[in-house]
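> how would this look folded up:
(one chain, ligands or ions: 1)
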Amino acid sequence: MSARNPGMELDLGWISKVQVNQPAVIRHAEQIQTRRTVKKDWQAAWLLRAVTCIDLTTLSGDDTPSNIHRLCYKATHPISEDLLRVMDMHDKGITTAAVCVYPARVADSIKALKAAGCNIPVASVATGFPAGQTPLQTKLDEIRIAVEDGAREIDIVISRTLVLTGQWEGLYEEIRQFRQACGDAHMKTILGTGELGSLTNVYKASMVAMMAGSDFIKTSTGKEAVNATLPVGLVMLRAIRDFYWKTGNKVGFKPAGGIRTAKDALTWLMLMKEELGDEWLKPELFRLGASSLLADIERQIYHHVTGRYAAYHNLAMA
Ligand SMILES: O=C[C@H](O)COP(=O)(O)O
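Have a look, this model is predicted:
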C-alpha cells in the first residue's frame with residue numbers, strides 16, 4: 001500500500017460550493033463506454049494487471065472456513081500455471097491484491113493465506129456493513145476486532161443518513177474516528193453511492209471522506225440496488241484529482257459491486273488511466289472489488305493465448 005493519507009481539516013466552504021453537472025457527467029460516461037478500450041495485442045497484459053488489482057471478495061451469510069480457504073487459494077493462484085507459462089509470466093508471483101471478507105472470517109483468511117505461504121493483505125468490511133445502521137460504538141469495536149484478528153485493510157461503510165441530511169461535520173467526525181480505530185490498517189471508505197441521491201452528494205461525500213483521512217474511496221458494498229457505475233466513478237475520480245491538487249496526497253479508488261466481466265475491468269482501468277494517469281494504475285492506488293470477475297478474466301486470457309474459449313468448468317473455480 002502507498003503512504004497513508006493524513007487528511008486535512010474539514011473545509012466546509014469547499015463542500016458547500018460544489019454542484020456537479022449531472023447531464024455532462026452522464027454524457028462523458030456514455031462516450032467512454034462506446035470507445036474501443038485496449039488494443040487486442042495488449043489485452044492479456046492489461047487483464048493480468050487487472051487481476052493484480054482485484055480485492056477477491058466473499059461477503060455471504062453462508063461463508064465458511066472451507067469456502068474462505070478456497071477463496072484464499074484462488075487469490076494466491078488467480079490464473080492457471082499453464083496459461084502463465086505460455087505468457088512467460090509463471091515466475092512473476094501473480095496474485096490478487098487482497099482478499100475481502102466479513103470480520104468474523106478474518107482469522108480464517110489469515111490462517112489460509114499463511115498456509116499458502118502468501119503475504120497478501122486481508123481486508124475486512126466493518127462498521128455495520130452493508131447498511132451502516134449500527135451504533136457508533138459497535139462500529140468502532142468491529143474495526144478494532146478485525147484489526148486484532150489480523151486485517152491490514154478495513155473497508156468501512158459510511159452512514160448514508162448523514163449525507164442525505166447534509167450533516168457533513170458529523171460525517172467527517174465519524175470517519176475520523178473510524179480512521180483512528182484502524183490504527184496502522186489502511187482504510188477504504190465505502191460511500192454506498194447508489195443510496196446517496198445525487199452526483200453532487202457523491203462528490204461531497206468523496207471529498208469529506210478524503211479530508212477525514214481515507215486511504216481509498218470505494219463506490220459500493222455490492223448490496224445496494226445500484227452499485228459501481230461509470231458516472232459515479234467519474235465524479236469520484238475528479239474528487240480524487242481535486243484533493244490531490246489541493247493537498248498533494250494520493251487517495252486510491254475502488255469500484256465495487258456488479259463488476260463481472262473482463263470488459264468491465266478494462267473499462268475501469270481505462271477510466272483510471274484517462275482521469276488520473278498511469279501512476280494510479282497499481283494495487284496501491286486502484287482496486288477492483290469483485291466476487292465473480294476472475295472467472296471471466298481467466299477465460300479471456302485463455303482465449304487470447306489459445307485462440308479458443310475454455311468452458312468455465314475447465315478453469316479452476318473463481
Ligand atoms: O466489495 C466488494 C463487493 O461486495 C463485491 O460485489 P460483487 O459481489 O457484486 O462482486
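
> you'd agree residue 255 is up against residue 231?
No. No contact is recorded between residue 255 and residue 231 when judged using C-beta atoms under 8 Å, the distance being 11.8 Å. Every residue, glycine included, has its C-beta placed from N, CA and C.

> who's more crowded, the two?
Under the criterion of other C-beta atoms under 10 Å, the comparison of residue 255 against residue 231 puts residue 255 first, with 29 against 20.

> With adjacent residues omitted, what lies nearest to the more buried one?
Beyond its immediate neighbours in the sequence, the residue positioned closest to residue 255 (C-beta to C-beta, 6 or more residues apart in numbering) is residue 228, lying 3.9 Å away.

> Over to residue 169?
Residue 169 sits nearest to residue 10 (C-beta to C-beta, 6+ apart), 6.3 Å away.

> ok but that neighbour is inside a strand, no?
No. When DSSP: H, G, I helix; E, B strand; the rest coil is applied, residue 10 is found to be coil, with no strand at that position.

> list the contacts for it?
For residue 10, the residues meeting the contact criterion (C-beta atoms under 8 Å, 6 or more residues apart in numbering) are 168, 169, 172, 208, 211, 212.

> Would you mind measuring from it to the ligand?
Here the criterion is C-beta to the nearest ligand atom, to the nearest Å. By it, residue 10 lies 27 Å from the ligand.

> tell me the pLDDT at residue 40?
Reported pLDDT at residue 40 in the predicted model: 72.

> How about residue 195, nearest residue that isn't a chain neighbour?
Taking C-beta to C-beta, 6+ apart as the measure, residue 195 lies nearest to residue 160, with 4.7 Å between them; neighbours along the chain are not counted.

> what's near enough to touch the one you found?
With contacts defined as C-beta under 8 Å, 6+ apart, residue 160 is in contact with 132, 192, 195, 196.

> Same list (the residues you listed) but as CSV, adding distance to residue 217, pLDDT and secondary structure.
What follows is these, written out as CSV (distance: C-beta to C-beta, whole Å; pLDDT from 0 to 100; DSSP: H, G, I helix; E, B strand; the rest coil):
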residue, distance to residue 217, pLDDT, secondary structure
132, 15, 97, coil
192, 11, 98, coil
195, 15, 98, helix
196, 12, 98, coil
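
> In space, what's closest to the residue in the stretch 151-300 of the chain that the ligand sits nearest to - neighbours in sequence excluded?
Here the residue of the stretch 151-300 of the chain nearest the ligand is residue 222; by C-beta to the nearest ligand atom that distance is 2.5 Å. Distance criterion C-beta to C-beta, 6+ apart; nearest residue to residue 222, sequence neighbours excluded, is residue 257 at 3.8 Å.

> How about the contacts made by that neighbour?
Under the criterion of C-beta under 8 Å, 6+ apart, the neighbours of residue 257 are 219, 220, 221, 222, 223, 224, 227, 228, 289.

> now the residue in the stretch 51-200 of the chain that the ligand sits nearest to, nearest residue through space, not along the chain?
When distances are taken as C-beta to the nearest ligand atom, the stretch 51-200 of the chain reaches nearest to the ligand at residue 57, 4.3 Å away. Distances taken as C-beta to C-beta, 6+ apart put residue 100 closest to residue 57, at 4.1 Å, once the chain neighbours are dropped.

> picking up where we left off before, give me phi/psi at the residue nearest to residue 195?
phi -60, psi -30 (degrees, to the nearest 10).

> Same check on residue 154?
Residue 154 adopts backbone torsions of phi -120, psi 120, taken as degrees, to the nearest 10.

> List the contacts of it.
123-126, 143, 146-147, 178, 182, 185-188.

> is it true that residue 18 touches residue 202?
No. At 10.2 Å, residue 18 and residue 202 do not qualify as touching, with contact defined as C-beta under 8 Å.

> Comparing these two, which residue is more hemmed in?
The residue with more neighbours, out of residue 18 and residue 202, is residue 202; 27 against 16, by other C-beta under 10 Å.

> okay, the more buried one: pLDDT?
At residue 202, the pLDDT value in this model is 98.

> Surely it is in contact with residue 235?
Yes. Shown here, residue 202 and residue 235 form a contact pair, counting by C-beta under 8 Å, at 4.9 Å.

> Would you quantify the distance from the residue nearest to residue 195 to residue 280?
Distance, residue 160 to residue 280, by C-beta to C-beta, to the nearest Å: 26 Å.

> Also residue 169?
When C-beta to C-beta is the yardstick, residue 169 and residue 280 sit 29 Å from each other.

> Tell me the residues of the stretch 201-318 of the chain that contact the ligand?
221, 222, 256, 257, 258, 259, 289, 290, 291, 292 (C-beta under 6 Å from any ligand atom).
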